[in-house]
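**Student:** Build me a structure from this.
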Amino acid sequence: MDAGRSAVRVRVVVRAVCVLVLVVLHVVGGYFVLLAWATTSEGPWDRSVTGMVRGAALAGLAAEALAVVLTAALVATVRLRRWWYLIPALLAPAAVVRMLFAPVP
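**Tutor:** Modelled structure (predicted):
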């Protein structure tokens, strides 16, 4: 009986660590996407705004791409459920749209 409980505890701890890593990746990706959407041009003299917005959106997209790869591995090993794909499915298109329609001074 003790070996069965130990195995369950190990599974729970592994799943919790996987969830923690994914949540951190999603928070980082979401922060960069939010930063890209919140940044506006201060005026015609602000030449760096387009590069900054595209850079932030690209960083968010990179974090979400890493999260998708990790999610795919964890779903394939039945550690997590498929609904974890929803978060990158929402953040990645938002980052791409902001990259395409970045403000131009």
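
**Student:** Give the next helix or strand downstream of the helix or strand harbouring His26.
**Tutor:** Secondary structure from DSSP states H and E places His26 in helix 2-38. Towards the C-terminus, the helix or strand next in line after helix 2-38, according to DSSP H and E, is helix 49-76.

**Student:** what packs against the helix holding His26?
**Tutor:** Judged by 3 or more Cβ pairs under 8 Å, 6 or more residues apart in numbering; DSSP states H and E, the packing partners of helix 2-38 are helix 49-76, helix 86-100. C-beta coordinates here come from the backbone N, C-alpha and C atoms, glycine included.

**Student:** List the buried residues for the shortest one?
**Tutor:** Under the neighbour-count criterion of 16 or more other Cβ atoms under 10 Å, helix 86-100 has 87-88, 91-92, 94-95, 98-99 buried.

**Student:** centre of the chain versus it, how much separation?
**Tutor:** Here helix 86-100 is found 9 Å from its chain centre; the criterion is Cα atoms, centre = their mean, to the nearest Å.

**Student:** Which elements pack onto it?
**Tutor:** Helices and strands touching helix 86-100, by 3+ Cβ pairs under 8 Å, 6+ apart, are helix 2-38, helix 49-76.

**Student:** Would you mind measuring from Ser6 to Val12?
**Tutor:** 11 Å (Cβ to Cβ, to the nearest Å).

**Student:** anything in contact with each of the two?
**Tutor:** None of the residues lies in contact with both Ser6 and Val12 under the rule Cβ atoms under 8 Å, 6 or more residues apart in numbering.

**Student:** so where's the chain shaky on pLDDT?
**Tutor:** Low-confidence segments of the chain, defined by pLDDT under 70, span residues 1.

**Student:** try 80
**Tutor:** Across the chain, residues meeting the criterion (pLDDT under 80) sit at 1-4, 7, 43-46, 105.

**Student:** got the contact list for Ala56?
**Tutor:** Listed by Cβ under 8 Å, 6+ apart, the contact partners of Ala56 are 32-33, 35-36, 39.
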